[in-house]
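Student: based on what follows, work out the 3D shape:
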Amino acid sequence: MTPKITCLLFLLASYSASADESLLLSNSEALKDNQIKTETRVVEVISEDEFDDEVQELPSLMQKLQIEQAASRNPYVLLPHKPNYFLPLTYQRSPSNREVNRALSQFADEPLEVADGFDHPEAIFQLSLKYMLAENVLGPMSRIDLGYTNISYWQVYNGDISRPFRETNHEPEIMLTWGIRDYWVDMIRLSLNHQSNGQNSTLSRSWNRVIVDVTSVVDSGVVSMRAWWRIPEANSADPDDPSDDDNPDILEYMGYGELSYLKLMKKHQFEIRVRNNLNFDENRGAVTLGYTFPLTSRVKGYVQYFNGYGESLIDYDRYQERIGVGIKLSDWF
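Tutor: Below is the predicted model:
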């Protein structure tokens, strides 16, 4: 080996060792610090004095309102609206192939039925976001938000029919919300709400509502009363006519409002929601129970139970009972 090549190899080895040593020192310093360099900025939030005493006694609620109001002014931020959760394990008592069979038979000479139907177990997830369009429209603590909620029912364990999404409900809405001080009502919201399953023909379901929501903070919890008025549509229900009413009797099953109570504890939350059609001759409604508990600093465990009508739009007129367990990524408060 010539002296020039030997010298060159020695220089390369020396450089490589030096580089490795520098890299190790750099990595060592990074591991030692184990932090990204940060800087402090001042963020203004709503003063505690702006809240009633009942709200101040619930730190998680007050903190959510403060952070949400500050974050909503950032144009790059989408805020949670309703809870966001994923229930990978749910069991429905009465899976139904009724609507699929009806769709298959619509243009056939005789009734048809699917060979393999929907299973009892399935996964459910809900994604719900909102974006503030304007604030202080009716004075302080008032705003207009655009919201969207998606809830999907996924036959993920049903390999016989290629694991389809059995049903997906879409719910866009525009909401006017304002807070009220020194009164038994703490928040009033007026919403223009559309809900549909994005299907056509006999599988189509949709309705439009004007919703009034009144919320009051009580001892260790929040009570919410919602009432809705359905915007009228054509009375007929012809599957071949997309302009008519897909579900003219939906109020008989979904009712005219909802009452809910959310119990706020230190690290746990319990929720109950009740709907009813207020028809004592043919009484129908639904109850939903939810329990949230901590798993990690960012993720909560979630157990949900449903009993009644209107869990999903496709089967709004079919009684259903379900139990599910999973995780909740964001809660009401």
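
Student: beta partners for residue 326?
Tutor: Going by DSSP bridges, residue 326 is paired in beta bridges with residue 302.

Student: show me the contacts for it.
Tutor: Going by CB atoms under 8 Å, 6 or more residues apart in numbering, residue 326 touches 85-90, 123-124, 301-302. In this view, the C-beta of every residue, glycine as well, is placed from N, C-alpha and C.

Student: list only those of those flagged as buried.
Tutor: 85-88, 90, 123-124, 302 (16 or more other CB atoms under 10 Å).

Student: show me the contact partners of stretch 208-215.
Tutor: 173, 185-195, 222-231, 233.

Student: for the residue nearest to residue 163 when sequence neighbours are not counted, identify the helix or strand it belongs to.
Tutor: Closest residue in space to residue 163, ignoring its immediate chain neighbours: residue 156 at 5.3 Å, by CB to CB, 6 or more residues apart in numbering. Secondary structure assignment for residue 156, by DSSP states H and E: no helix or strand.

Student: let me see the confidence value for residue 156.
Tutor: Looking at residue 156, its pLDDT reads 97.

Student: touching, it and residue 123? I think so.
Tutor: Yes - in this structure residue 156 lies within contact range of residue 123 using CB atoms under 8 Å: 4.7 Å.

Student: anything in contact with each of those two?
Tutor: By the contact definition CB under 8 Å, 6+ apart, residue 156 and residue 123 are jointly contacted by residue 88.

Student: can you map out the helices along the protein?
Tutor: Assigned by DSSP state H, the helices in the chain fall at 3-33, 53-56, 59-71, 98-105, 251-254.

Student: check those for me: which has the lowest mean pLDDT.
Tutor: With a mean of 46, helix 3-33 has the lowest mean pLDDT of the helices of the chain.

Student: start and end of stretch 314-323, how far apart?
Tutor: One end of stretch 314-323 to the other measures 19 Å (CA to CA, to the nearest Å).

Student: can you give me the neighbour number for residue 170?
Tutor: Neighbourhood size, residue 170 [other CB atoms under 10 Å]: 16.

Student: residue boundaries of the strands in the chain?
Tutor: 79-80, 84-92, 121-135, 142-154, 165-179, 187-196, 206-218, 221-230, 257-264, 269-276, 285-294, 300-308, 320-330 (DSSP state E).

Student: can you turn the buried part of the contacts of stretch 208-215 into a PyMOL selection?
Tutor: Buried members of the contacts of stretch 208-215, identified by 16+ other CB under 10 Å, are gathered into one PyMOL selection as follows:
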select buried, resi 173+186+187+188+189+191+193+195+222+224+226+228+233
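
Student: from residue 52, how far out is residue 183?
Tutor: As for residue 183, its distance to residue 52 is 9 Å (criterion: CB to CB, to the nearest Å).

Student: neighbour count winner among these two?
Tutor: residue 52 (15 against 8).

Student: and that one, what is it in contact with?
Tutor: Contacts of residue 52 by CB under 8 Å, 6+ apart are 181-182, 186, 217.

Student: turn those residues into TSV, including distance to residue 281.
Tutor: Formatted as TSV, the contacts of residue 52 follow (distance: CB to CB, whole Å):
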residue	distance to residue 281
181	43
182	42
186	36
217	36
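
Student: max pairwise distance over those residues: which two?
Tutor: Across these, the longest distance by CB to CB is 12.5 Å; it joins 182 and 217.
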